[in-house]
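Q: would you be able to build a 3D model of this:
(chains A and B)
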Amino acid sequence: MPVASANDLTVKYGRKPAVTGLTVTIPEGSVGLLGPNGAGKTTLIKTWLGFLRPYSGSASVLGMSVAQEGLRIRRHIGLMPEQDCHIPGMNAVSYVSYAGELAGMPANHAMRRAHEVLEYCGLGEARYRQIETYSTGMRQRIKLAQALVHGPRLLFLDEPTNGLDPEGRTDMLRLVRDISHGKDINVVVCSHLLPDVEDTCDRVIVMRSGQLVAEGTVAALRRTGGVQVDVELREPSPRFLEAIALTGARVISVLGSRCRLAWSEQTTDPATRVFEAAAASEAQVRALKPALRSLEDVFMEAIA
Amino acid sequence: MTNGDRSPRDAGATPPAADPAPNGPVGPIGQAGGVISPIADLSYRHYDGTLKTRAVRWWIVALAGIRQAIRKWWFWLLVLVSMGPYAFMGLLLFLQSRFGSEFQQAVFGAPKGSKYATVFFQAYDQQLFWLMVIGLTVGAASIAADNRSNALQVYLAKPLTKTDYLLGKWMGVFTVVFVAAILPAMLLFTYCLLSYWSEGFLKQEPWLFVKIVGVSAMTAAGYSSLFVGVSAWCRSAMMAGAFSAGAYFATGIVSGILWMAIYFRFFRTGDLAAGALVQNASISGVMKSVAWNIYDVTIRAPGGSGRMFANTQVPPPELWVMLTAYFALVVGGVVAARVRIRAVEVVSG
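A: Residues are numbered from 1 along each chain as shown, chains lettered A, B, ... in the order given. This is a model prediction of the structure:
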């Protein structure tokens, strides 16, 4: 069952459309919502949450209509907003417990669960500190904790690594990856940081100007067309490039001792050709693997 | 962290988990080799407990507001100060019981039979300002602080409607002001009940208890609507407080000036009741007038008959006018807040 979907969805801010005729299905698992600023990612999430009313079309989350069952939907989802958000004057454990109670948990369950979730999010030692005193990284974690406390089936993470230093970012991505794999939680990560999505998501949806421009698994999107391989030599070798060209290969890129080679679709034995060319040019092959595009290439291609 | 840092709500919570084994294999405690295991599972576990319906979710919001308010020491100081007028009236009643009816006439100046209602109304009149201060400290920050910290997204991403949220915020302010208003009144009422039972306290004022509850609720509803309404339109508690206090004092000053301007006209004719509408054309005046009508008393005012120091019995201002103004204040505040509460700032155009 898809965890969220939109059918010919149009959302407008006044007269300005933010999402236009979007039809998309979010499958179970972890999905990255990619797009440049203003692509409509956050608008789509806010529509699924019921914050914005669709101008036309329909949207559903966990099989429930956003227009008719908004409250039921929000019992089963969690939101980690992009902006810094906390309830003033509360410490972390009160805040997370309060978020649990708002989601419908009994007070004693919410308190116990708040302790567990804060521990899981790495805030166990700081749970009695006022949130106003937290660093940016800790604030990101507390946002995640309040979204997780009631055990949502779907989690929307809007720019989860916003403002984090490299170490904090790595920790947060590890946490997101852990949540989204084997924990029975579906995760939608909304970001314009491609490595974040690449690290945490199995599928990607790329949006531009409120429309869907690409979607699929990360592996499928990264796959190149035709037969392409990446070759790493012991040292740069112009003779190898000349020899490989004689086998019908096209040299796509050369970076030091590394190069990307492409043949026509019909070529079946690129590895043999590489080793024959290496033998002929007396070059030493250190690595040979099928070429993959980076998510950045996919993204740039999609939004171009 | 010390034990003193712990919230009282933590009673019964799972104790903090021990650090996992720093190194080496993890296994059951007591196994040969002395391996250490954490005493609690630190990994994520899905919550499969009950989730209540949203029937009382607004009360959770209200309760959080009340908890925030009562945690501050100066809140209790304000409550204590606001009890002063009732304590003073209790003292006067005590002195009157010691020194007789002349004292009563001199102090209360009320016709016999409505003495207790007059006492309660005069105490309420003095307390009204302090109730405003209490309401302001709780209400000004109620929604403005959430606006500032983007907390509305957290609230509205939970199964909570805007109405639940608003009702919770409103009820948080209402409860605090209501309790602050009714507590000293009930103490004085109990004192009267115990001390003047034999003098026919209940026979004189059979509805006094209901009137006290009604006046306290009316005042709390007025202030909470005003402050929550203003708070919803501000992004900081300070700004909301400044606007609310500004509106409170500005209307009071304007009505005071207007009344002074026409005072001497009524002073000559002795028709002070006609000026009462103008005198009470302020936020506090509206609430005072409604309370005045509920207690149904006449109060003494200087002037009338052309003599400055003469006293004239002034009846309450027209109830329907004041009720209209009161409901406009309450409904206006609530509607203003409801319109402004949004999870997403929508800039249309």
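Q: can I take it that residue A:214 is in a helix?
A: No: with DSSP: H, G, I helix; E, B strand; the rest coil as the criterion, residue A:214 is located in strand rather than a helix.
Q: in the stretch 201-304 of chain A, what residue comes closest to chain B?
A: The nearest approach of the stretch 201-304 of chain A to chain B comes at residue A:210, 15.6 Å away (CB to the nearest CB). The C-beta positions use only the backbone N, C-alpha and C, and glycine is treated the same way.
Q: what about that residue, how many neighbours?
A: Residue A:210 has 23 neighbours, counted by other CB atoms under 10 Å in any protein chain shown.
Q: what about the helices in the stretch 1-150 of chain A?
A: Taking DSSP state H, counting those that start in this stretch to define them, one finds helices in the stretch 1-150 of chain A at A:41-48, A:70-75, A:92-102, A:107-120, A:136-148.
Q: determine which stretch of these is the most buried.
A: Most buried of the helices of the stretch 1-150 of chain A, by mean neighbour count (mean count of other CB atoms under 10 Å in any protein chain shown): helix A:92-102, with a mean of 27.
Q: contacts for that one, please.
A: Residues from elsewhere that reach helix A:92-102 (CB atoms under 8 Å, 6 or more residues apart in numbering or on different chains): A:86-87, A:90, A:107, A:109-111, A:113-115, A:117-118, A:123, A:126-129, A:131, A:134, A:142, A:145-147, A:149-150, B:7, B:9-10, B:13, B:57, B:60-61, B:64, B:154-155, B:158-160.
Q: just stretch B:324-337 next, same as before
A: Applying CB under 8 Å, 6+ apart, the contact partners of stretch B:324-337 are B:143, B:166, B:169-170, B:218, B:221-222, B:224-233, B:281, B:283, B:286-287, B:290.
Q: still on that earlier bit, mind putting the helices of the stretch 1-150 of chain A in TSV, mean pLDDT and distance to residue B:183 included?
A: What follows is the helices of the stretch 1-150 of chain A, written out as TSV (pLDDT from 0 to 100; distance: least, CB to CB, whole Å):
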stretch	mean pLDDT	distance to residue B:183
helix A:41-48	91	44
helix A:70-75	89	37
helix A:92-102	94	26
helix A:107-120	92	26
helix A:136-148	93	35
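Q: adding distance to residue B:129 as columns, could you present these in a markdown table?
A: Below are the helices of the stretch 1-150 of chain A laid out as a markdown table (distance: least, CB to CB, whole Å):
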| stretch | distance to residue B:129 |
| --- | --- |
| helix A:41-48 | 43 |
| helix A:70-75 | 41 |
| helix A:92-102 | 33 |
| helix A:107-120 | 36 |
| helix A:136-148 | 39 |
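Q: can you check which of the ones you listed gets nearest to residue A:9?
A: Closest of the helices of the stretch 1-150 of chain A to residue A:9 is helix A:41-48, at 6.9 Å (criterion: CB to CB).
Q: who's in contact with residue A:253?
A: For residue A:253, the residues meeting the contact criterion (CB under 8 Å, 6+ apart) are A:259, A:260.
Q: buried ones in the host helix or strand of residue A:296, by neighbour count?
A: Here residue A:296, judged by DSSP states H and E, is contained in helix A:295-303. Of all the residues in helix A:295-303, those buried under the rule 16 or more other CB atoms under 10 Å in any protein chain shown are A:295, A:298, A:299, A:302, A:303.
Q: let me know the closest of these to residue B:250.
A: Where the buried residues of helix A:295-303 are concerned, and distances follow CB to CB, residue B:250 has its nearest neighbour in residue A:303, at 54.6 Å.
Q: got the buried residues for stretch B:275-286?
A: If you call a residue buried by 16+ other CB under 10 Å, then stretch B:275-286 has these buried ones: B:275, B:276, B:277, B:278, B:279, B:280, B:281, B:282, B:283, B:284, B:285, B:286.
Q: of those, list those near chain A.
A: Near chain A, judged by CB under 8 Å from any CB of the partner chain, there are no entries from those.
Q: farthest-apart pair in these, please.
A: Comparing all pairs in the buried residues of stretch B:275-286 by CB to CB, the longest separation belongs to B:275 and B:283, at 18.5 Å.
Q: tally of neighbours for residue 129?
A: You didn't pick a chain, so chain A it is. Neighbouring residues of residue A:129 were enumerated by other CB under 10 Å; the total is 16.
Q: think we crossed wires, I meant chain B
A: Using other CB under 10 Å as the criterion, residue B:129 is surrounded by 15 other residues.
Q: element containing it?
A: With DSSP H and E as the criterion, the answer for residue B:129 is helix B:115-148.
Q: can you check residue B:289 too?
A: Secondary structure from DSSP H and E places residue B:289 in helix B:283-295.
Q: using CSV, write out every CA atom in that helix.
A: Output for helix B:283-295, consisting of C-alpha atoms alone and laid out as CSV, is shown next (Å, rounded to 0.1, in the frame of the first residue of the first chain):
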residue,chain,number,x,y,z
ILE,B,283,-12.3,47.3,29.3
SER,B,284,-12.3,47.2,33.0
GLY,B,285,-15.4,49.4,33.2
VAL,B,286,-17.4,47.0,31.1
MET,B,287,-16.6,44.0,33.3
LYS,B,288,-17.1,46.1,36.4
SER,B,289,-20.5,47.2,35.1
VAL,B,290,-21.6,43.6,34.3
ALA,B,291,-20.5,42.5,37.8
TRP,B,292,-22.3,45.6,39.3
ASN,B,293,-25.5,44.4,37.6
ILE,B,294,-25.0,40.8,38.7
TYR,B,295,-24.5,41.8,42.3
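Q: is it possible to export the buried residues of helix A:295-303 to CSV including pLDDT?
A: Compiled in CSV, the buried residues of helix A:295-303 are given as follows (pLDDT from 0 to 100):
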residue, pLDDT
A:295, 73
A:298, 74
A:299, 76
A:302, 72
A:303, 71
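Q: ok, those residues vs residue A:241, which is closest?
A: Of all these, the one with the least separation from residue A:241 (CB to CB) is residue A:298, at 26.8 Å.
Q: so what's the nearest residue to that closest one once chain neighbours are set aside up against?
A: With CB to CB, 6 or more residues apart in numbering or on different chains as the criterion, residue A:298 has its nearest non-adjacent residue at 4.7 Å, and that residue is residue A:221. Residue A:221 makes contacts with A:204, A:214, A:293, A:295, A:298, as judged by CB under 8 Å, 6+ apart.
Q: how about these in a markdown table, adding distance to residue A:242?
A: Output for the contacts of residue A:221, formatted as a markdown table (distance: CB to CB, whole Å):
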| residue | distance to residue A:242 |
| --- | --- |
| A:204 | 38 |
| A:214 | 37 |
| A:293 | 26 |
| A:295 | 33 |
| A:298 | 32 |
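Q: of the residues you listed, closest to residue B:98?
A: Closest approach between the contacts of residue A:221 and residue B:98, by CB to CB: residue A:204, at 86.1 Å.
Q: what is the closest one paired to in the beta sheet?
A: For residue A:204, the beta-bridge assignment (DSSP bridges) gives partners residue A:32, residue A:216.
Q: returning to what we had before: pLDDT added to the buried residues of stretch B:275-286, as TSV?
A: What follows is those, written out as TSV (pLDDT from 0 to 100):
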residue	pLDDT
B:275	71
B:276	75
B:277	79
B:278	79
B:279	80
B:280	85
B:281	87
B:282	91
B:283	93
B:284	92
B:285	92
B:286	93
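Q: now those residues in CSV, with distance to residue B:318?
A: Compiled in CSV, the buried residues of stretch B:275-286 are given as follows (distance: CB to CB, whole Å):
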residue, distance to residue B:318
B:275, 12
B:276, 9
B:277, 7
B:278, 12
B:279, 13
B:280, 10
B:281, 12
B:282, 16
B:283, 18
B:284, 17
B:285, 13
B:286, 12
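Q: looking at those residues, which is nearest residue A:60?
A: Closest to residue A:60 out of these is residue B:283 (47.3 Å), distances taken as CB to CB.
Q: kind regards, and thank you for your time.
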